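Colleague: Turn this into a structure:
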Amino acid sequence: MTIKKYQRIKLIVVILLALVYSQMFVYKNFIIPIALMIVSALVLMLLRRRVTGVLADERDYATGGKAALLSIQIYSWIAVMGMFVLYAERDINPSYEPIAITLAFSACLLLLVYSVIFRYHNKVKLAGEKGLYVALALMMFLVLTVFCLRLFSGEDNWVCSDGQWQKHGQPDFPAPIVECSK
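Modeller: You can find the predicted model right below:
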């Protein structure tokens with residue numbers, strides 16, 4: 001397969017994913033997009049192995065590494081600044097506090113994942129152990145998926161019923177301050 005053909009297939013996959021994602025968000029179905037993301041990533045990895053020609057050289061990898069590090073640093077700074085602002089304003093709107101905490105933990109998780117992957121790449125060469133790397137990534141993704149499903153399952157939440165906010169389970173946050181419409 002040529003590089004040009006691979007890039008066209010990759011573009012088509014991205015467009016199809018965007019279409020499916022937009023429809024699934026409208027229908028509030030989040031499992032299908034996760035499954036499609038995994039399948040499309042695996043298909044693109046298999047197709048990439050069949051490409052004849054050079055997709056990237058050492059300079060591209062070095063530039064990509066620098067760009068990734070800078071992106072992580074910029075996101076971390078923005079997330080921390082946003083966290084402080086939102087946490088300071090939690091008295092105005094109590095829903096700012098979980099957003100602030102989410103930003104703080106996302107920045108911490110991003111830096112932790114970067115640190116683990118950096119140490120792994122620094123000590124172990126991936127040339128012969130790509131299977132281990134893929135297995136670790138899939139295990140981390142599976143744990144994160146299960147955690148997100150449990151976190152966003154809606155068991156302990158507020159439900160709008162007859163124009164009033166009703167407890168569903170034992171939510172650990174106050175009722176929303178927006179008006180509940182019938």
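
Colleague: All the strands of this protein, in order from the start?
Modeller: 157-161, 164-168 (DSSP state E).

Colleague: Could I get these in CSV, plus columns for mean neighbour count, mean pLDDT and distance to residue 94?
Modeller: Placement of C-beta: from N, CA and C, glycine included. Listed next are these as CSV, based on neighbours: other Cβ atoms under 10 Å; pLDDT from 0 to 100; distance: least, Cβ to Cβ, whole Å:
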stretch, mean neighbour count, mean pLDDT, distance to residue 94
strand 157-161, 15, 80, 12
strand 164-168, 13, 82, 13
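
Colleague: Dump these into CSV; add distance to residue 109 as well.
Modeller: Output for the strands of the chain, formatted as CSV (distance: least, Cβ to Cβ, whole Å):
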stretch, distance to residue 109
strand 157-161, 24
strand 164-168, 28
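
Colleague: now for these, which one comes closest to residue 60?
Modeller: Residue 60 lies closest to strand 157-161 among the strands of the chain, at 45.9 Å (Cβ to Cβ).

Colleague: how far off strand 164-168 does the closest one point, in degrees?
Modeller: Interaxial angle, strand 157-161 versus strand 164-168 (axes from the mean of the first three to the mean of the last three Cα atoms, to 10 degrees): 140 degrees.

Colleague: Residues touching strand 157-161, excluding its own?
Modeller: Residues outside strand 157-161 that contact it (Cβ atoms under 8 Å, 6 or more residues apart in numbering): 165, 166, 167, 168, 169, 171, 175, 176, 180, 181.

Colleague: ok, now stretch 60-76?
Modeller: Contact with stretch 60-76 is made by 56, 107, 110, 111, 114, as judged by Cβ under 8 Å, 6+ apart.

Colleague: what's the farthest-apart pair in the contacts of strand 157-161?
Modeller: Maximum distance among those (Cβ to Cβ): 22.0 Å, for 169 and 181.

Colleague: Same drill for the two, tell me which one is more crowded.
Modeller: The neighbour comparison of residue 169 against residue 181 (other Cβ atoms under 10 Å) goes to residue 169, with 12 against 6.
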